[in-house]
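Participant: heads up, no residue letters with this:
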C-alpha cells in the first residue's frame with residue numbers, strides 16, 4: 001500500500017468523518033432525537049440519520065492504523081500530538097471565556113490547564129487516543145507479525161468475546177482498548193489492501209445493509225420491550241453492525257478516485273478538521289453551541305434538512321476558527337521546541353565543562 005498515493009483519500013475520509021461527528025452531536029447532544037416520542041416515524045428517522053453517521057469514531061481509529069502501522073518514529077508523533085492538543089485546548093478555553101465574558105478565577109484557570117492536558121481531557125476521545133499512542137510500538141509489532149489477514153481473525157474475535165463475558169471492558173467503545181482494536185483493523189486494511197478486494201458498489205451496499213439492520217433491530221427490540229427500553233447492543237461503537245459499517249464506508253471512500261484539481265483543497269482542509277472537534281466540544285463552547293440547543297427543530301416539518309444546515313454551519317465556522325488557532329498553536333509549538341533545544345545545548349555544554 002502506497003500511503004503517499006492514497007493520502008488524498010484519507011484527507012477526504014477525515015473531512016467526511018468529522019462532519020459525521022458534528023451531525024451526531026447536533027442530532028444527539030443538540031436534543032433533536034430526544035424530542036421525538038418513541039415508536040413514531042420521526043423517532044425512527046432521527047435514529048436513521050444518527051446511524052448513518054455513527055461510524056465516525058471508529059473510522060478515525062481506522063485511519064490511524066491505516067497510516068501508522070508501519071511507522072517507527074513514535075516519540076516525535078506522540079510529543080507533537082500531546083503538546084499541540086494541550087496548546088490548542090487552552091487557547092480555545094481562554095477565547096471562550098473572553099467571548100462569553102466569563103470571569104477568570106484561579107480555580108477556573110487550573111481547571112482549564114488540567115482539562116487541556118490530553119490524558120485528563122474532558123473530551124473522551126482525546127484522553128483515550130493519547131493512551132492509544134503510547135501503545136503504538138506494541139500494536140504495530142502485532143500488525144507486522146503476521147503475513148496473512150485471516151491469522152488476525154481468531155485473536156481479535158477471541159478478545160472481543162472477553163468483553164462479552166465481562167472479562168475485559170470496552171465501555172461500549174469509549175476507551176483506548178476499543179480504539180486499539182480498530183487501529184489494528186485499520187492497519188490490516190492498509191497492509192493487505194483489503195479495500196481493493198471488492199468493488200465500491202459492494203462496499204456501499206454493505207454499509208447500507210449493516211446500517212439498516214442495526215436500525216431495524218433497535219426499533220424492533222424497543223417495540224417488543226416497551227417504549228422505555230433504550231439500551232440496545234446493536235447501536236454501540238462495538239456492535240458488529242457498526243464495525244461492518246465503519247469498515248465498509250472506509251473502504252468505499254478509500255477506493256474513490258480523487259480528481260487532481262480537488263486534491264490540494266482536500267489536503268489543506270483535512271489538516272484542520274481535528275480542531276473542529278476540539279472547538280465545538282470544548283466545555284465552554286458546547287454549552288452555547290450544542291447542548292440541547294436544537295430540540296425546537298423537532299416541531300418543524302423539514303427538521304432533517306435544518307439539522308444538516310446547522311451541522312454545515314458549525315463545521316464551517318469551527319473549521320475557519322481552527323485555521324486561525326492552528327497557526328497560533330504551531331507558532332507556540334516552535335517556540336517551545338526552540339527553548340527545549342536551547343536548554344539541551346546548555347546542559348550538554350555544562351556537562352562537557354564539568
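Facilitator: All right, it came through fine. Keep in mind it's a predicted model, so treat the numbers as computed, not measured.

Participant: quick one: stretch 123-131 to chain centroid distance?
Facilitator: 10 Å (Cα atoms, centre = their mean, to the nearest Å).

Participant: likewise stretch 149-163?
Facilitator: Stretch 149-163 has its C-alpha centroid displaced from the chain centroid by 23 Å (Cα atoms, centre = their mean).

Participant: how about that stretch: buried residues?
Facilitator: 152, 159-160, 163 (16 or more other Cβ atoms under 10 Å). No exception for glycine: its C-beta is placed from N, CA and C like everyone else's.

Participant: how many neighbours does residue 16 have?
Facilitator: For residue 16, the count of nearby residues is 17 (other Cβ atoms under 10 Å).

Participant: And for residue 314?
Facilitator: Neighbourhood size, residue 314 [other Cβ under 10 Å]: 21.

Participant: so which strand or helix has it?
Facilitator: If you go by DSSP states H and E, residue 314 is part of helix 303-353.

Participant: and that helix, what other elements does it pack with?
Facilitator: With contacts taken as 3 or more Cβ pairs under 8 Å, 6 or more residues apart in numbering; DSSP states H and E, helix 303-353 sits against helix 3-24, helix 41-52, helix 74-99, helix 273-280.

Participant: so after the last one, what's the next helix or strand?
Facilitator: This points to helix 273-280. Downstream of helix 273-280, the next assigned helix or strand under DSSP H and E is helix 283-289.

Participant: And for the second one?
Facilitator: Past helix 41-52, heading to the C-terminal end, the next element that is a helix or strand (DSSP H and E) is helix 56-68.

Participant: Let me know the angle separating that following helix from helix 3-24.
Facilitator: 170 degrees (axes from the mean of the first three to the mean of the last three Cα atoms, to 10 degrees).

Participant: mean confidence score for helix 56-68?
Facilitator: In this model, helix 56-68 carries a mean pLDDT of 95.

Participant: Setting the sequence-adjacent residues aside, check what's closest to residue 82.
Facilitator: Taking Cβ to Cβ, 6 or more residues apart in numbering, and ignoring the residues beside it in sequence, residue 82 has residue 118 as its nearest neighbour in space, at 5.3 Å.

Participant: List the contacts of the one you found.
Facilitator: Residue 118 is in contact with 81-82, 85-86, 126-127, 129-130, counting by Cβ atoms under 8 Å, 6 or more residues apart in numbering.

Participant: Check the offset of the helix holding residue 314 from the chain's centre.
Facilitator: Going by Cα atoms, centre = their mean, where helix 303-353 is centred and where its chain is centred differ by 18 Å.

Participant: for residue 257, phi and psi?
Facilitator: When quoted as degrees, to the nearest 10, the phi and psi of residue 257 stand at phi -90, psi 120.

Participant: how near is residue 80 to residue 329?
Facilitator: Here residue 80 is placed at a distance of 11 Å from residue 329 (Cβ to Cβ, to the nearest Å).

Participant: With neighbour numbers in mind, choose between the two.
Facilitator: residue 329 (22 against 12).

Participant: got the contact list for the residue most central in space within the chain?
Facilitator: Central residue of the chain (Cα atoms, centre = their mean): residue 57, 4.0 Å from the mean position. Neighbouring residues of residue 57 by Cβ under 8 Å, 6+ apart: 21, 125, 173, 237.

Participant: so the second one is in which element?
Facilitator: It stands for residue 125. Assessed by DSSP H and E, residue 125 sits inside helix 124-134.

Participant: tell me the average confidence for the helix or strand just after that helix?
Facilitator: Per DSSP H and E, the first helix or strand lying C-terminal to helix 124-134 is helix 136-145. Here helix 136-145 scores 93 as its mean pLDDT.
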